[in-house]
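**Student:** I need the structure of the sequence given here:
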Amino acid sequence: MTMLSRVAEHLYWMARYLERAENTARLITANANLILDLPKNIRPGWESLIAITGSRELFSEHCPATNESSVIRFLIGDQRNPASILCSLRFARENARTVRDIIPREAWEQINELYLRANDHLANGLSARRRFGYLKDIILGVQQLAGIAAGTMSHDAGYEFYRLGCNLERADMTTRIIDVRYQDYEAEVAEAMRPFENILWMSVLKSLTAYQMYRRHRQAAVTRLDVVEFLLKDRAFPRSTRFCIDEMADCLRNLPRSQKPLELLGPLDELIDGCCASTLAQEDLHEFIDKLQIRLADVHTAVKICYFEASVVGEGGATSASSQAA
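**Tutor:** Residues are numbered from 1 along each chain as shown. Here you go, the predicted model:
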């Protein structure tokens, strides 16, 4: 079996953009619910969502005020923000259109319809009253796509690149949420906020749809340190950093010429094993997360060099030196 590197790259980025759209929808929903759950005098704002998505500089360039309407518009439908939900769905659609002969027809139709629906009903996403329904439709639409891919797409090299992109994007977002929320709450949890600390960290879990699985596996109250340990180390929860790394390793073992990216995943696993949240102060955890994100970026670079800058991905390992861009 052989596959053009450009096809592999399109499948990889299709998955990343879909995951990015779903994650952003989850973040907005969880933050809105958190604001409703807390007293007015200690409610968090919306700026942290800009930090989580790594868009502070771009947001400041185009939006003078960090208020709810500006942040929501920027994260959901701003065409100047390549990480907005609408842009992510558009990029996913363009990648899917290029590989329509590789993915199931139902998957292409779902991606196309999801983008068109999100674009046509953008006003609902920007409305406080109708926003939850709009975001829920995005989340369920992407999850439906994951089910279509898992159930109807041949589990060959193309599917492994799809899984690889999905899990790399997911691991990156989980580490971003832990980093930014830990800093926010470390600074904010003064005496007035201590009674509500469990609500804050429940919001972190809910932004990853992790609350029920946390309670099931931990069987303990929601605390900051336990949540950080769960989201970093749990091997059974699909959105934990450890689980995503394990999935990436499994994908790479099913692909040829994967030695270099696999070698980079080993130290990532060891780094997580050596982390003990209870001994890490805010600055130490931030430095630890930085290391994780840098190494995840290194994995992406290694995948790009191994597969996307070659003309053919095949079981025999044969490749030419030509490079093709997505």
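**Student:** Check residue 324 and give its pLDDT.
**Tutor:** Here, the pLDDT recorded for residue 324 equals 35.
**Student:** no no, residue 193
**Tutor:** Model confidence at residue 193 (pLDDT) stands at 64.
**Student:** which residues in the stretch 1-150 of the chain form helices?
**Tutor:** Secondary structure of the stretch 1-150 of the chain by DSSP state H, counting those that start in this stretch: the helices cover 5-37, 47-52, 56-62, 68-76, 85-98, 105-120, 122-126, 131-152.
**Student:** ok, and the closest non-adjacent residue to residue 292?
**Tutor:** Sequence neighbours aside, residue 175 is the residue nearest to residue 292 in space, at 5.1 Å (criterion: CB to CB, 6 or more residues apart in numbering). The C-beta positions use only the backbone N, C-alpha and C, and glycine is treated the same way.
**Student:** Now the one you found: phi and psi?
**Tutor:** Note on residue 175: its backbone torsions stand at phi -70, psi -40 [degrees, to the nearest 10].
**Student:** check contacts around it.
**Tutor:** Contacts for residue 175 (CB atoms under 8 Å, 6 or more residues apart in numbering) come out as 241, 289, 292, 293, 296.
**Student:** And stretch 219-232, what's buried?
**Tutor:** With burial defined by 16 or more other CB atoms under 10 Å, the residues of stretch 219-232 counted as buried are 222, 224, 226, 227, 228, 229, 230, 231, 232.
**Student:** if I look at the second one, how far off is residue 169?
**Tutor:** By that I understand residue 224. 25 Å (CB to CB, to the nearest Å).
**Student:** Helix or strand with the lowest mean pLDDT in this structure?
**Tutor:** strand 312-314 (a mean of 55; mean pLDDT, DSSP states H and E).
**Student:** who's in contact with stretch 138-146?
**Tutor:** Contact with stretch 138-146 is made by 18-19, 21-22, 25-26, 29, 85, 89, 107, 110-111, 114, 117-118, 166, as judged by CB under 8 Å, 6+ apart.
**Student:** Kindly indicate the member of the residues you listed with the most neighbours.
**Tutor:** Tallying neighbours with other CB atoms under 10 Å puts residue 18 at the head of the contacts of stretch 138-146, with 30 neighbours.
**Student:** what sits against that residue?
**Tutor:** 88, 89, 92, 111, 142, 145, 166.
**Student:** So, low pLDDT: which residues of this protein?
**Tutor:** Residue ranges of the chain with pLDDT under 70: 1-3, 41, 43-44, 181-194, 278-283, 310-326.
**Student:** At the geometric centre of it, which residue do we find?
**Tutor:** Residue closest to the average C-alpha location in the chain (CA atoms, centre = their mean): residue 170, at 3.4 Å.
**Student:** which SSE is that residue in?
**Tutor:** Using DSSP states H and E, residue 170 sits within helix 157-188.
**Student:** Can you give the distance of that helix from its chain's centre?
**Tutor:** Distance, stretch centre to chain centre, for helix 157-188: 5 Å (CA atoms, centre = their mean, to the nearest Å).
**Student:** Please renumber the chain so that the first residue is 8 from this point on.
**Tutor:** With 8 as the first residue, the last one maps to helix 164-195.
**Student:** what comes up buried for it?
**Tutor:** Quick answer for helix 164-195 (16+ other CB under 10 Å): 164-192.
**Student:** what's the following helix or strand after that helix?
**Tutor:** Next helix or strand after helix 164-195 toward the C-terminus (DSSP H and E): helix 204-214.
**Student:** Give me the helices and strands touching that following helix, please.
**Tutor:** helix 12-44, helix 164-195, helix 218-225, helix 231-240 (3 or more CB pairs under 8 Å, 6 or more residues apart in numbering; DSSP states H and E).
**Student:** Including distance to residue 280, could these go into a markdown table?
**Tutor:** Putting the helices and strands packed on helix 204-214 into a markdown table (distance: least, CB to CB, whole Å) gives the following:
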| stretch | distance to residue 280 |
| --- | --- |
| helix 12-44 | 25 |
| helix 164-195 | 15 |
| helix 218-225 | 18 |
| helix 231-240 | 8 |
